[in-house]
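Student: show me the folded form of this:
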Amino acid sequence: MNIQRRAAIIGAASASLALQACATGAGNPAKPRHYVLVHGAWHGAWAWSKAAPLLRQAGHGVSAPTLSGLGERSHVSAGTSGLAVHVEDIVSHLMMEDLRDVVLVGHSYAGCVVSGVLGARTGRVAHAVYVDAFVPGQAQAMANFVPPPVKADFERLAAQNATVPPPPAASWGERWGLTDAALVAWAQPRMKPQAALSFVEPVRGDPLAEPIRRTYLKCTLNPNPGFKSIADGIKKDGRFRYAEVEGHHDVMLIDPPRFVSSLLSLG
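Tutor: Here you go, the predicted model:
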């Protein structure tokens, strides 16, 4: 057995043991939490299908709403489901399900959604966790974090109420860490085009106004320099806690035990 393979097995075993400890209450607060999991661009609630059962196994409540225009809701106003609609998706979910003191988890693009929900000041979020995510402030959009030519393309498409197709599967290994052929084949029909409006619409309200816990969970195996730059900035921001998980961008699909163990360790 080569060294890399042995290290991978040891790492997976360690993550599994940590998850078991969380499930039995060792090192984990007794009070169960409710995790609201918000998926990233082009994904859907299916992105959490491997991680959500592990959170429930550990004794926590979990909900994973699909954002309008994506996943099983891809038929709902796909071109006009911008950030404001996605924020309302989650705010309405919190209100209709009467969820309070939740841990709001946003992956990648969903960092914009988390910021928007915090800006709405629902009073229902106790802890916001940005997972390898964009962290826009008031009046900022995801487009503020991409190169100018990409931003210009987003703005042009948004003016036409057009969607942005998901990247080709051939790029998913570098982009998200999805290299397993079976996982790629499973995810491919579930990836859906996303409204360009969601990438250019700014956050309304101040996401830093409420005195809640905020954590940035960095996926250390993601080579994307944009997310590294965001993480480097967060490390200097005393309003956030910084933590890491050893995994690629879509770690919740690639290594769900490790991801859930890291998420639970945040308290």
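Student: helices of the stretch 101-250 of the chain, start to end?
Tutor: Assigned by DSSP state H, counting those that start in this stretch, the helices in the stretch 101-250 of the chain fall at 110-120, 148-159, 172-176, 181-187, 197-200, 225-235.
Student: on contacts alone, who are the packing partners of the fifth one?
Tutor: If I follow you right, that is helix 197-200. Helices and strands touching helix 197-200, by 3 or more C-beta pairs under 8 Å, 6 or more residues apart in numbering; DSSP states H and E, are helix 83-96, helix 148-159. Using the backbone N, CA and C atoms, a C-beta is placed for each residue, glycine as well.
Student: can you rerun that using 6 Å?
Tutor: Counting contacts by 3 or more C-beta pairs under 6 Å, 6 or more residues apart in numbering; DSSP states H and E, helix 197-200 packs against helix 148-159.
Student: got the end-to-end distance for stretch 45-54?
Tutor: 15 Å (C-alpha to C-alpha, to the nearest Å).
Student: in that stretch, what's buried?
Tutor: By neighbour count on 16 or more other C-beta atoms under 10 Å, the buried set for stretch 45-54 is 45-48, 50-52, 54.
Student: of these, which belong to helices?
Tutor: Taking DSSP state H as the definition of helices, the buried residues of stretch 45-54 contribute 52, 54.
Student: looking at the buried residues of stretch 45-54, spot the one nearest Met252.
Tutor: Ala51 (4.4 Å; C-beta to C-beta).
Student: contacts only, for that closest one.
Tutor: Neighbouring residues of Ala51 by C-beta atoms under 6 Å, 6 or more residues apart in numbering: 252, 256, 259-260.
Student: in a markdown table, list the residues you listed along with distance to Pro165.
Tutor: As requested, the contacts of Ala51 are exported to a markdown table (distance: C-beta to C-beta, whole Å):
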| residue | distance to Pro165 |
| --- | --- |
| Met252 | 22 |
| Pro256 | 27 |
| Phe259 | 27 |
| Val260 | 30 |
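Student: what is the nearest of those to Thr215?
Tutor: Nearest member of the contacts of Ala51 to Thr215, counting by C-beta to C-beta, is Phe259, at 13.8 Å.
Student: list the residues that contact that closest one.
Tutor: Per C-beta under 6 Å, 6+ apart, neighbours of Phe259: 51, 245, 251-252.
Student: pull the CA atoms of the helix or strand containing it into PDB?
Tutor: In the assignment (DSSP states H and E), Phe259 maps to helix 256-265. What follows is helix 256-265 as a C-alpha-only set of coordinates in PDB (Å, rounded to 0.1, in the frame of the first residue of the first chain):
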ATOM      1  CA  PRO A 256     -19.100  13.700   4.300                       C
ATOM      2  CA  PRO A 257     -17.800  12.200   7.600                       C
ATOM      3  CA  ARG A 258     -14.800  14.500   7.600                       C
ATOM      4  CA  PHE A 259     -17.000  17.500   6.700                       C
ATOM      5  CA  VAL A 260     -19.600  16.800   9.400                       C
ATOM      6  CA  SER A 261     -17.000  16.200  12.000                       C
ATOM      7  CA  SER A 262     -15.400  19.600  11.200                       C
ATOM      8  CA  LEU A 263     -18.800  21.300  11.200                       C
ATOM      9  CA  LEU A 264     -19.800  19.800  14.600                       C
ATOM     10  CA  SER A 265     -16.400  20.800  16.100                       C
END
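Student: quick check: buried residues in that helix?
Tutor: 256-264.
Student: OK, contacts around the residue nearest to the spatial centre of the chain?
Tutor: Ranked by distance to the mean C-alpha position of the chain (C-alpha atoms, centre = their mean), the top residue is His107 at 1.0 Å. Applying C-beta under 6 Å, 6+ apart to His107 gives the contacts 40, 131.
Student: and the residue lying closest to Thr179 once chain neighbours are set aside, how many residues sit next to it?
Tutor: Nearest residue to Thr179, sequence neighbours excluded (C-beta to C-beta, 6 or more residues apart in numbering): Gly173, at 4.3 Å. Here the number of neighbours of Gly173 (other C-beta atoms under 10 Å) works out to 13.
Student: I'd say Gly173 and Ala181 touch.
Tutor: No - with contact defined as C-beta atoms under 6 Å, Gly173 does not reach Ala181; the gap is 10.7 Å.
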